[in-house]
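Asker: Give me a model of this one.
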Amino acid sequence: MNERARPAGGLPVPSDCPPVAYDRAPTYPRMISEKDVAVPMRDGINLSVDIYRPDAGERFPALLAFAIYNKDLQGPDVAETLPPQPGWSSLWTGPIEAGDTKFLTSRGYVHVIGSPRGVGKSDGGGSRQWDSYDLIEWIAAQPWGDGNVGMVGISGFGAEQLYVARQNPPHLKAIFPFDPRGAYGTLGIVAEATFKLRPVAEDERLLAVPFARLKDIGAAVRALLAGDLLPSAVEILDATAAAALGLDAAVLLVGFDGLREQVDAQARELAALAVGCGGRDTVVLPPATWPRLPAAARDAFTAPAALMTLSVLPALVVDTMEQGAEAARQHGLGSAWAAHAGVGVLTAALAADHEAATVAAVLADWRAIARAGGGHATLQWAPLAVKSLVPVWDDAGPAGRIMRRIKAQLDPNNVLNPGRFVAGI
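Answerer: Next comes the predicted model:
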């Protein structure tokens, strides 16, 4: 593959890629603004959009920015009030995550910024599954457009592009999603979110079942999840993390809520199940324990050397805890482990007072264990000396490589917050 120069901190740029420099001169100095235009969706809901187009009697391609953010905070007037900031500023993108309207319109593009249903001035109700699709096709049919529609935007505006691209609207010709994972997780998107409202439970109970061995907790979790009980939480703490809550052994923590009689019945069934798997007597923990659970592993040490989150298949949670603790012991370090057993997310902490190289070696072992379990690991906290030896993010795979290529072309000198994003981007 022929290559041009390698950008600082980036990947080689193939010779067949578009040039990094964009030197098209502005040719349309005046702009027409149409605010709060109602666009009908297929179910009759109206979305509110702002349309900015060159003041000329021509038909132009359009660039759509569409996300869950209020469109009224993305237009050119606000951008002039708070212009783009330098790379070291927390406001380095300014308020133009939807794109620089005046830059786009002056170069012959219509810039459309919209708010999804239920946001800002758009109607609420129904499903927004096809809203971006319908909006793109509406734009393509307007008299000021030439039928070609692209999408632009950062963060949530980028994530929306990935979602609608899968639907393949006939007039969507190109997308430019920058940092889409910043809105909806690590290089992923949330297509729909459903919230269920439920009454406040009459009784809410957190039960702890001590075990002598983590493997027995694993057997109890499998039996619990395969049965008829309806827990609201299923957590595992190793003995070190459990000690932070005043418990004297590794524990299975199970939450129940609902009517008092139902909670009583489920608590009895849990106790019987746990004893059959080698557990001791069930203990009811005080309500104040709930908010302490997320920090149990971290609180096991006065000043932990590092914190890491691992995601693996739920069936491998206990094996991961045991292998991770053994890896730390082999380097002479203590560790504490906590896990959301039902979803396979673990938090691990390392004891302090060790050299950075030793801590980094353990973290590398933990990441390898997570990968072997079909998952990944993210360094949540560590001193700078450790971070210089261990990447914060795990390998993001093909998606990460695509993001690096985009970053290399957009920011060839790697000056925009280098290392801030996943995959070291």
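Asker: Can you tell me the closest non-neighbouring residue to E235?
Answerer: L253 (4.1 Å; Cβ to Cβ, 6 or more residues apart in numbering). The C-beta positions use only the backbone N, C-alpha and C, and glycine is treated the same way.
Asker: quick one, what contacts the one you found?
Answerer: By Cβ atoms under 8 Å, 6 or more residues apart in numbering, the contact list for L253 reads L206, L207, A208, V209, A233, V234, E235, I236, L237, L285, L293.
Asker: will you turn these into a markdown table that also has pLDDT, distance to V263 and secondary structure?
Answerer: Output for those, formatted as a markdown table (pLDDT from 0 to 100; distance: Cβ to Cβ, whole Å; DSSP: H, G, I helix; E, B strand; the rest coil):
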| residue | pLDDT | distance to V263 | secondary structure |
| --- | --- | --- | --- |
| L206 | 95 | 11 | strand |
| L207 | 96 | 10 | strand |
| A208 | 96 | 15 | strand |
| V209 | 96 | 16 | strand |
| A233 | 91 | 13 | strand |
| V234 | 94 | 15 | strand |
| E235 | 96 | 17 | strand |
| I236 | 97 | 21 | strand |
| L237 | 97 | 22 | strand |
| L285 | 95 | 14 | strand |
| L293 | 90 | 18 | helix |
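Asker: Counting neighbours, which of the residues you listed comes out on top?
Answerer: Among those, L237 has the most neighbours (other Cβ atoms under 10 Å), with 28 neighbours.
Asker: do you know how far it is from L229?
Answerer: 20 Å (Cβ to Cβ, to the nearest Å).
Asker: and what of F178?
Answerer: Using Cβ to Cβ, which is the criterion applied here, F178 is 45 Å from L229.
Asker: R128 now?
Answerer: Per Cβ to Cβ, R128 is found 35 Å from L229.
Asker: Between the two, which has more neighbouring residues?
Answerer: Each of R128 and L229 has its neighbours counted (other Cβ under 10 Å); R128 has more, 22 against 17.
Asker: Report pLDDT for that one.
Answerer: R128 is assigned a predicted lDDT (pLDDT) of 88.
Asker: right, and the secondary structure at it would be what?
Answerer: Following DSSP: H, G, I helix; E, B strand; the rest coil, we place R128 in the coil state.
Asker: Check the spacing between it and F66 real quick.
Answerer: Distance from R128 to F66, by Cβ to Cβ: 10 Å.
Asker: swap in G246?
Answerer: 50 Å.
Asker: In what element of secondary structure is the residue of the chain most remote from its centre found?
Answerer: Distance from the centre of the chain peaks at G57, with 43.4 Å (Cα atoms, centre = their mean). Counting by DSSP states H and E, no helix or strand carries G57.
Asker: about what we covered before: could the contacts of L253 go into CSV alongside distance to A348?
Answerer: Formatted as CSV, the contacts of L253 follow (distance: Cβ to Cβ, whole Å):
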residue, distance to A348
L206, 22
L207, 24
A208, 20
V209, 22
A233, 19
V234, 18
E235, 14
I236, 12
L237, 12
L285, 22
L293, 15
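Asker: any idea which of those is closest to A336?
Answerer: Lowest distance from A336 to the contacts of L253 (Cβ to Cβ) belongs to L237, with 8.2 Å.
Asker: Do I have it right that the closest one meets P294?
Answerer: No - checked against Cβ atoms under 8 Å, the pair L237 and P294 is beyond contact range at 11.4 Å.
Asker: sec struct for P177, please.
Answerer: Applying three-state DSSP: P177 is strand.
Asker: okay, now it: neighbour count?
Answerer: 23.
Asker: Phi and psi next, for the residue nearest to it when sequence neighbours are not counted.
Answerer: Counting by Cβ to Cβ, 6+ apart, G158 is the residue found nearest to P177 once chain neighbours are left out, at 3.4 Å. With angles defined as degrees, to the nearest 10, G158 sits at phi -70, psi -40.
Asker: Name the residues contacting each of R128 and F66.
Answerer: Common neighbours of R128 and F66 (Cβ under 8 Å, 6+ apart) are P116.
Asker: Could you list every helix and strand in contact with the helix or strand hosting P398?
Answerer: Following DSSP H and E, one finds P398 within helix 397-410. Counting contacts by 3 or more Cβ pairs under 8 Å, 6 or more residues apart in numbering; DSSP states H and E, helix 397-410 is packed against strand 172-178.
Asker: Alpha carbons of the strand it packs on, as CSV, please.
Answerer: Provided in CSV are the C-alpha atoms of strand 172-178 (Å, rounded to 0.1, in the frame of the first residue of the first chain):
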residue,chain,number,x,y,z
LEU,A,172,-28.3,9.3,2.4
LYS,A,173,-25.0,9.5,0.5
ALA,A,174,-22.4,9.9,3.3
ILE,A,175,-21.9,10.2,7.0
PHE,A,176,-19.1,11.6,9.1
PRO,A,177,-19.6,10.4,12.7
PHE,A,178,-16.8,11.8,15.0
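Asker: Quick one: mean pLDDT for that strand?
Answerer: 89.
Asker: between it and helix 397-410, how many degrees?
Answerer: Angle, strand 172-178 to helix 397-410, by axes from the mean of the first three to the mean of the last three Cα atoms, to 10 degrees: 90 degrees.
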